[in-house]
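Trainee: attaching a predicted model along with its sequence, questions to come.
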Amino acid sequence: MNRGEPQDQTGSPVARTIVLVGMMGVGKTTVGRRLAPRLGLPFKDADQEIEAASGMSVGDLFEAHGEESFRAGEAQVIRRLVTGPPIVLATGGGAFVNESTRQVVKDHAVSVWLRADVDTIVQRATRRPTRPLLKNGDPKQIISRLLKEREVFYSQADLSVDSAKGPHARTVEKIVDAIAAYTKVELA
Ligand code: S3P
């Protein structure tokens with residue numbers, strides 16, 4: 001058993017990138033931001049990286065160039081991040097639907113599906129009006145449909161953790177425990 005000694009130049013005992021996947025609103029960014037210092041890794045958010053690279057918000061990118069173009073940029077940014085030094089990476093809700101993204105994540109990282117029920121997702125995802133996919137129609141219907149379509153992909157993640165119940169701090173601890181069991185690294 002690895003006793004938690006640093007495994008690489010990050011100084012983190014977790015020598016792999018941790019990729020958070022799952023629906024919009026499940027808390028990937030908030031949880032990821034807290035998980036990263038817990039594991040001694042830097043945090044990055046794929047949507048924010050896309051926004052920085054393009055100089056546009058995700059909403060404006062969808063509007064100006066369309067979803068397909070956003071998806072191509074998203075896959076590129078995630079490949080770059082996942083093949084670099086270990087980080088905690090929060091991905092956008094549609095990222096893990098892409099087959100080559102799933103493959104590069106499988107090859108280079110440990111993936112964690114953050115799960116929640118439809119009502120919790122609707123409640124959290126509609127707090128801010130920033131999500132282009134929720135703009136045209138009833139958010140609950142859209143989220144139910146997307147979750148049904150995407151579950152088959154999310155379920156291919158290495159680990160899954162329920163983020164619906166309790167505060168985000170509790171979800172972080174559940175993820176730490178799941179990663180420790182999976183990687184056989186002791187994370188106190
Ligand atoms: C999307 C989720 C968003 C963002 C874009 C598309 C999706 O990210 O990438 O609006 O397809 O579910 P979050 O999951 O961080 O909201």
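Mentor: Here it is on my side, so go on.
Trainee: alpha carbons only for contacts and neighbour counts from here, please
Mentor: Will do.
Trainee: three-state assignment of the residue nearest the centre of the chain?
Mentor: Centroid-nearest residue in the chain: Leu20, 2.8 Å away (criterion: Cα atoms, centre = their mean). For Leu20, the assignment made with DSSP: H, G, I helix; E, B strand; the rest coil gives strand.
Trainee: now it: how far from Ser12?
Mentor: For Leu20, the distance to Ser12 equals 18 Å [Cα to Cα, to the nearest Å].
Trainee: report the longest strand in this protein, please.
Mentor: The single longest strand within the chain, with elements called by DSSP state E, is strand 109-115.
Trainee: so what strands line up beside it?
Mentor: With DSSP bridges as the test, strand 109-115 is paired with strand 17-21 (parallel), strand 159-162 (parallel).
Trainee: most neighbours per residue, which of the ones you listed?
Mentor: Ranked by mean neighbour count, the strands paired with strand 109-115 are led by strand 17-21 with a mean of 26 (mean count of other Cα atoms under 10 Å).
Trainee: can you list the residues of this structure near the ligand?
Mentor: Met23, Met24, Gly25, Asp47, Gly92, Gly93, Gly94, Arg131, Pro132 (Cα under 6 Å from any ligand atom).
Trainee: isn't the fifth one right up against Gly25?
Mentor: Right, Gly92. No. In this structure Gly92 lies outside contact range of Gly25 using Cα atoms under 8 Å: 9.9 Å.
Trainee: immediately after the host helix or strand of Ile50, which helix or strand?
Mentor: Element membership of Ile50 [criterion: DSSP states H and E] is helix 46-54. Next along the chain after helix 46-54, taking DSSP H and E as the criterion, comes helix 58-65.
Trainee: buried stuff in that next one?
Mentor: By neighbour count with 16 or more other Cα atoms under 10 Å, helix 58-65 contains the buried residues Val58, Gly59, Leu61, Phe62.
Trainee: do the same with stretch 178-188
Mentor: Ala178, Ile179, Ala180, Val185, Glu186, Leu187.
Trainee: pick the one among the residues you listed closest to Leu39.
Mentor: Of all the buried residues of stretch 178-188, Leu187 has the smallest distance to Leu39: 7.8 Å, by Cα to Cα.
Trainee: where does the chain dip in pLDDT?
Mentor: Residues of the chain meeting the criterion pLDDT under 70: 1-9.
Trainee: was I right about Thr29 contacting Gly92?
Mentor: No. Taking contacts as Cα under 8 Å, Thr29 lies outside contact range of Gly92: 9.1 Å.
Trainee: this structure: helices as residue ranges?
Mentor: For the chain, the helices defined by DSSP state H cover 28-39, 46-54, 58-65, 67-82, 99-108, 118-125, 139-154, 168-183.
Trainee: thanks a lot, catch you later.
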